[in-house]
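Visitor: Could you work out the structure for the sequence below:
(one chain, ligands or ions: 1)
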Amino acid sequence: MSFIGTKSLFQLLQASDVIFPFDENNIKNGAYELSLGGQVFQTDTKPRSIKSLSIGQEIYIAPGQFALLLTEEKVKIPETKIAFISIKAGIKFKGLVNVSGFHVDPGFEGNLLFSVYNAGPSTIVLKRGQKCFPIWFAELNEKQDYSGTHEKQFSIPVEPVEALSQGDLASPSFLLKKIDDGYKILDTKINNIDDIQKGKIELIEKEQKAIDYLAKTALGLMVIIFVKFIFDWVVFNYGLNKGIEIKQKEVIVDSMINLKLVEKKKLLIEIDSLQKIRNVIQIKNDRR
Ligand SMILES: Nc1ccn([C@H]2C[C@H](O)[C@@H](COP(=O)(O)OP(=O)(O)OP(=O)(O)O)O2)c(=O)n1
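Guide: As a prediction, the model looks like this:
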């Protein structure tokens with residue numbers, strides 16, 4: 001088996017309907033570059049269905065999404081040749097992976113279908129008519145006809161569309177979004193709990209402040225009562241001492257008065273007796 005070079009490829013394609021429509025400018029380095037055609041299916045379109053593209057219309061393959069891409073050209077592989085297909089490296093470097101097979105059987109006729117997956121981080125943009133899919137031809141040493149399920153494939157078949165239309169696509173970006181959504185729900189719940197906790201903490205702080213205020217007030221009152229008690233006690237003691245002192249002075253004065261009274265009484269008795277004596281003397285003198 002040998003691969004067909006640029007010159008032989010040009011001759012083959014120009015002389016036959018192996019590729020239709022054919023443009024000689026699409027031959028490059030022993031390959032023919034097939035273009036994106038008028039039908040695509042993407043897993044992130046709603047509802048998921050086959051979409052028709054006008055000439056030059058763009059499609060956007062988001063990260064983690066699958067797409068089915070039909071070629072613009074129909075191929076009719078001679079029974080003496082086998083073809084190999086790929087996606088241009090410039091597109092693959094952006095993250096587009098060719099999931100579907102890499103060969104085209106001898107005798108196959110129809111548009112080629114590429115199942116692709118965007119494994120890259122950014123959206124990949126393609127447009128109808130863009131040269132995307134190189135195809136190489138190799139000689140077989142004998143004839144081979146094709147009788148497989150993809151015979152006369154001129155549009156995107158129903159089976160892969162149905163298969164790719166079921167359920168959620170567990171792509172990394174889909175899972176990332178689910179995780180993000182989960183985090184958002186969790187954040188909201190945490191914020192709600194935070195708010196409740198904040199409310200509780202504020203209530204506890206208020207209660208604590210009230211208790212503090214009452215404790216301080218009670219302490220203040222106790223201090224005032226204690227000071228008042230001390231003051232009263234000092235005043236009472238002072239009054240008591242003063243009273244005792246006055247009483248003692250009164251007692252002294254009383255005893256002094258009593259003494260003076262006794263002395264006065266004695267003097268009066270003395271005066272009285274002296275008066276009596278004087279009277280006696282007077283009487284005696286008068287008798288003389
Ligand atoms: N990206 C591709 C790969 C292949 N094919 C076409 C050309 C092939 O000749 C044909 C069959 O390829 P496979 O044998 O790989 O596919 P299946 O095993 O599914 O189909 P069958 O054997 O029934 O043909 O499908 C295609 O249109 N696009």
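Visitor: so how many other residues sit close to His68?
Guide: No His there; residue 68 is Leu. 21 (other CB atoms under 10 Å). No exception for glycine: its C-beta is placed from N, CA and C like everyone else's.
Visitor: wait, doesn't it sit right on Ser155?
Guide: No. If you go by CB atoms under 8 Å, Leu68 and Ser155 don't touch, sitting 10.5 Å apart.
Visitor: Which residues are in contact with each of these two?
Guide: Taking CB atoms under 8 Å, 6 or more residues apart in numbering as the contact rule, Leu68 and Ser155 touch no residue in common.
Visitor: Run through the neighbouring helices and strands of the helix or strand harbouring Asp195.
Guide: Using DSSP states H and E, the element containing Asp195 is helix 172-287. When contacts are defined as 3 or more CB pairs under 8 Å, 6 or more residues apart in numbering; DSSP states H and E, helix 172-287 packs onto no helix or strand at all.
Visitor: What average pLDDT does it get?
Guide: In this model, helix 172-287 has an average pLDDT of 91.
Visitor: Spatially central residue (nearest the centroid) of the chain, please.
Guide: Most central in the chain under CA atoms, centre = their mean is Asp187, positioned 4.8 Å from the mean C-alpha point.
Visitor: Kindly state the pLDDT recorded for the residue of the stretch 101-250 of the chain found nearest the ligand?
Guide: The minimum distance from the stretch 101-250 of the chain to the ligand, using CB to the nearest ligand atom, falls at Gly148 (2.1 Å). The model reports Gly148 with a pLDDT of 92.
Visitor: For the residue nearest to it when sequence neighbours are not counted, give me its contacts.
Guide: The shortest distance from Gly148 to any non-neighbouring residue, by CB to CB, 6 or more residues apart in numbering, is to Asp105 (6.5 Å). Residues in contact with Asp105, defined by CB under 8 Å, 6+ apart, are 77, 82, 144, 146, 148.
Visitor: my guess is the third one contacts Phe108, does it?
Guide: No. In terms of CB under 8 Å, Gln144 does not count as a neighbour of Phe108; the distance is 10.1 Å.
Visitor: Which of the contacts of Asp105 has the largest number of neighbours?
Guide: Tallying neighbours with other CB under 10 Å puts Ile77 at the head of those, with 22 neighbours.
Visitor: Now the phi/psi pair for it, please.
Guide: With angles defined as degrees, to the nearest 10, Ile77 sits at phi -80, psi 130.
Visitor: now the one 10 residues further on
Guide: Backbone torsions of Ile87, given as degrees, to the nearest 10, read phi -120, psi 140.
Visitor: and it, what does it touch?
Guide: By CB under 8 Å, 6+ apart, the residues touching Ile87 are 96, 98, 114, 116, 132-134.
Visitor: and if you look at Trp233?
Guide: Trp233 sits in contact with no residue, where contact means CB under 8 Å, 6+ apart.
Visitor: how near is it to Phe93?
Guide: To Phe93, Trp233 is 100 Å away according to CB to CB, to the nearest Å.
Visitor: Ok, Lys177 next?
Guide: Distance check for Lys177 against Phe93: by CB to CB, it reads 25 Å.
Visitor: Among those two, which residue is more densely surrounded?
Guide: Lys177 (12 against 9).
Visitor: doesn't Lys74 fall inside a helix?
Guide: No. When the secondary structure is assigned by DSSP: H, G, I helix; E, B strand; the rest coil, Lys74 falls in strand instead of a helix.
Visitor: who are the neighbours in contact with it?
Guide: So Lys74 contacts 19-20, 109-111, 154 (CB under 8 Å, 6+ apart).
Visitor: From those, pick the one nearest Met222.
Guide: Nearest to Met222 among the contacts of Lys74, counting by CB to CB, is Asn111 at 99.4 Å.
Visitor: Show me how far the helix or strand the closest one falls within is from its chain's centre.
Guide: Applying DSSP H and E as the criterion places Asn111 in strand 109-118. Centroid separation for strand 109-118 versus its chain: 41 Å, with CA atoms, centre = their mean, to the nearest Å.
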